[in-house]
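Asks: Need a 3D model of the following:
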Amino acid sequence: DSDGNEVEDVDDEGSKYSRLTLMEEVLLLGIKDQEGYTSFWNDCISSGLRGCMLIELGLRQRVELEKNGMRKRSLATRNLVAKDARADRPTGDVLLDEAIKHIK
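Replies: Purely as a prediction, here's the structure:
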């Protein structure tokens, strides 16, 4: 919904389900079915899940790249900042809420 909380969607058959976050989807893709653990190195999944958290916060319009000043800077040199109006409201996800606190 518009406030960024978890959205319950209705599929074509009318059943309701909760939308998974991007990091949950990526984690599920990496889990081996039979063994029940991730199939790739822990350091790779760790940085990948952190990136997913930042993307999820961006999709929920909770973070943005800092504005350009007088001199234009490349994307790689701009910092990620919390959007003032939405940053204080909870996202409905404990990990995302904690990430926002660290970004502020």
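Asks: all helices for the protein, in order.
Replies: In the chain, the helices defined using DSSP state H lie at 22-30, 42-59, 84-87, 94-103.
Asks: Between the ones you listed, which has the poorest mean confidence score?
Replies: Mean pLDDT per stretch puts helix 84-87 lowest among the helices of the chain, at a mean of 69.
Asks: List the contacts of the residue of the chain most remote from its centre.
Replies: In the chain, residue 70 marks the outermost C-alpha relative to the chain mean, sitting 30.2 Å out by Cα atoms, centre = their mean. If a contact means Cβ atoms under 8 Å, 6 or more residues apart in numbering, then residue 70 has no contacts. Every C-beta, even on glycine, is put in place using the N, C-alpha and C of the backbone.
Asks: What of the one 10 residues further on?
Replies: Contact partners of residue 80, counting by Cβ under 8 Å, 6+ apart, are 54, 63, 64, 65, 66, 103.
Asks: Give me the ChimeraX select line for the residues you listed, limited to the buried ones.
Replies: Buried residues within the contacts of residue 80, by 16 or more other Cβ atoms under 10 Å, are selected in ChimeraX with:
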select :54,63
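Asks: The contacts of residue 80 into a markdown table, with extra columns for distance to residue 74?
Replies: Output for these, formatted as a markdown table (distance: Cβ to Cβ, whole Å):
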| residue | distance to residue 74 |
| --- | --- |
| 54 | 18 |
| 63 | 18 |
| 64 | 16 |
| 65 | 11 |
| 66 | 12 |
| 103 | 20 |
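Asks: and the two most separated of the contacts of residue 80?
Replies: 54 and 66 (13.9 Å; Cβ to Cβ).
Asks: Between the contacts of residue 80, which sits nearest residue 18?
Replies: Closest to residue 18, out of all of these and judged by Cβ to Cβ, is residue 54, at 21.4 Å.
Asks: what residues are up against the closest one?
Replies: 63, 80, 99.
Asks: residues near residue 21, how many?
Replies: Residues near residue 21, counting by other Cβ atoms under 10 Å, number 22.
Asks: how close does it get to residue 72?
Replies: Residue 21 sits 33 Å away from residue 72, going by Cβ to Cβ, to the nearest Å.
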